[in-house]
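Engineer: The following block contains a protein sequence and its predicted model.
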Amino acid sequence: MAGIGFELRKYLNDDTFTGSAKAYGFAGLISAGPWVLSILGVMLIGIVAVSYALVDAQVRQFTTSVTWLMGASLILTGLLQLMFTRFVADRLFERQFDIINSNLFGALLLSVITSVVVGGILALTLFDESLAYEVLMIANFSALSAVWIAVIFVAGLRRFKIILWTFAIAYSVTVLLSFVFMSAGLEGLLLGLFIGHVVLVFMMVGAIVPEYPVNGRVRWDFLRLPNIHPMLIGVGFFYNLGIWADKIIFWLHPDTSEMVIGPLRTSIIYDLPIFLAYLSIIPGMAVFLLTIETEFAEAYEGFFAAVRGNASLKEIEQLGNAMVVAVREGLFQIVRVQGITVLLLYVLGPSIVKWLELPEKFVHLYYVDLVGVAAQVLMLAVLNVAFYLDKLKDALALTFFMFVTNALFTWLSIQWGPVYFGYGFGVSMALTACLGVVLIGRELDSIEFHTFMRERRNDKAPAPLVEESV
């Protein structure tokens, strides 16, 4: 994402209100837009289905099925996402461009095969629905897994508009197909969704392939032992599992959910407030992309270039201080912007709930989720800095801590009653963000010492420059 951030900085260089509006607008859409577009697309399909008198139960089955598909596919591909990103970044740094597309095909194939196997096992053991429904669920599961792998590459191309256009076109196709297959009910909606996801994958791959040499082969270099990083596998898995832990617990607990289709459940009281709260993530993510992923990345590049270039100690210290300042300023900007967003939405909370014709009991949970989402943005920024500094142990500790606390506190909140709903998620994200700030602060306080000691132990160059990595 740093590459996209550098491209967006060109708008800021105009030093005009229009340029700033474009930069922050595009940053918000790029960082959170695909998620928002996908969710809004699914919601629009549900609205269309209701307007065409499709049975309400089938619409709920569709939206619930898609929500579970997204969560499950993200958790599964989390095992591969970061490790594969690191593999591609290393190959770009080594200028081995000729094997990138071949390994992309291998990663996509691995994701699809694994999804089919896992989906097939779940279908045979947990589901007892129609064959068409189970096949379409497996197909969508596989397609979504491929989407999460392909989007890594698209983000690395610095062609930020492609991300928005691909998601917008693919989900527009999905919505249009919902009209075509509406008569087939639930299975028709899932078929339209699958075709839309396939279109999305092919559009992203079509944008990626021309960027690197193509030899028509499928390679598995990313699975070779030297390229397997267990910590990155753990971070990717626990991050996604930690983000979804509270939702899954609310879905599975009998007191806070209800059965919808097969083993899939939904929580009416929890799902909508957390979804509305996640819409507030856009301003903070925009700042994150233009500060941590850009200004800090630039300072990071300068510091390690000085280290590799045998600069004087004074110059290295100055650049190290600049990097520390960039981190602090970036985190402060995120806290300020997201804080203002939370305060604004806090004031508007009752009006939003009333406008959506929701019960007033949702207001309190919405407030709690707003704070939790704001803390999640800060946690993500801290986690990203840990990646740049190659503090994988700290990143693994943070994501594991987030998973454990979110699961534990969410379970406790359900035991204590509705007044505590949402606090598990909010407290977990806040504690994880604070812990991350402490860990990163400790590293940055002596960045020069830690850098040179690490290089002496490893006897190798510092991590690849951010502009040369995905």
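Structural biologist: Done, it's in.

Engineer: where do the strands sit along the stretch 151-300 of the chain?
Structural biologist: If you assign secondary structure with DSSP state E, counting those that start in this stretch, the strands in the stretch 151-300 of the chain sit at 258-261, 264-266.

Engineer: so which of these comes closest to L104?
Structural biologist: Of all the strands of the stretch 151-300 of the chain, strand 264-266 sits nearest to L104, with 31.7 Å by CB to CB. Using the backbone N, CA and C atoms, a C-beta is placed for each residue, glycine as well.

Engineer: ok, that closest one: who's next to it in the sheet?
Structural biologist: strand 258-261 (antiparallel) (DSSP bridges).

Engineer: Tell me which helix or strand in the protein has the weakest average pLDDT.
Structural biologist: With mean pLDDT, DSSP states H and E as the measure, the helix or strand of the chain carrying the lowest mean pLDDT is helix 2-12 (a mean of 53).

Engineer: Ramachandran coordinates for the residue of the chain most remote from its centre?
Structural biologist: Distance from the C-alpha centroid of the chain peaks at S312, with 39.5 Å (CA atoms, centre = their mean). Reported as degrees, to the nearest 10, the phi and psi values for S312 are phi -70, psi 160.

Engineer: For it, give me the pLDDT.
Structural biologist: Confidence per residue is given as pLDDT, and for S312 that number is 72.

Engineer: Please report the residue range of the longest helix in the protein.
Structural biologist: helix 313-355 (DSSP state H).

Engineer: which helices and strands sit right next to that helix?
Structural biologist: helix 281-290, helix 297-308, helix 362-388, helix 423-445, helix 447-458 (3 or more CB pairs under 8 Å, 6 or more residues apart in numbering; DSSP states H and E).

Engineer: Indicate which one of those helices is closest to P213.
Structural biologist: If you check each of those against P213 by CB to CB, helix 297-308 wins as the nearest, at 26.3 Å.

Engineer: Give the residue spans of the stretch 101-250 of the chain that score low on pLDDT.
Structural biologist: For the stretch 101-250 of the chain, applying pLDDT under 70 flags the ranges 155-161.

Engineer: now the helices for it?
Structural biologist: For the stretch 101-250 of the chain, the helices defined by DSSP state H, counting those that start in this stretch occupy 131-156, 160-180, 186-208, 230-252.

Engineer: Can you check what angle separates the second one from helix 131-156?
Structural biologist: Right, helix 160-180. Relative orientation of helix 160-180 and helix 131-156, computed by axes from the mean of the first three to the mean of the last three CA atoms, to 10 degrees: 160 degrees.

Engineer: In helix 160-180, which residues are buried?
Structural biologist: By neighbour count with 16 or more other CB atoms under 10 Å, helix 160-180 contains the buried residues 160, 162-163, 166-167, 170-171, 173-175, 177-178.

Engineer: Also the longest one?
Structural biologist: Residues of helix 131-156 classed as buried by neighbour count (16+ other CB under 10 Å): 133-156.
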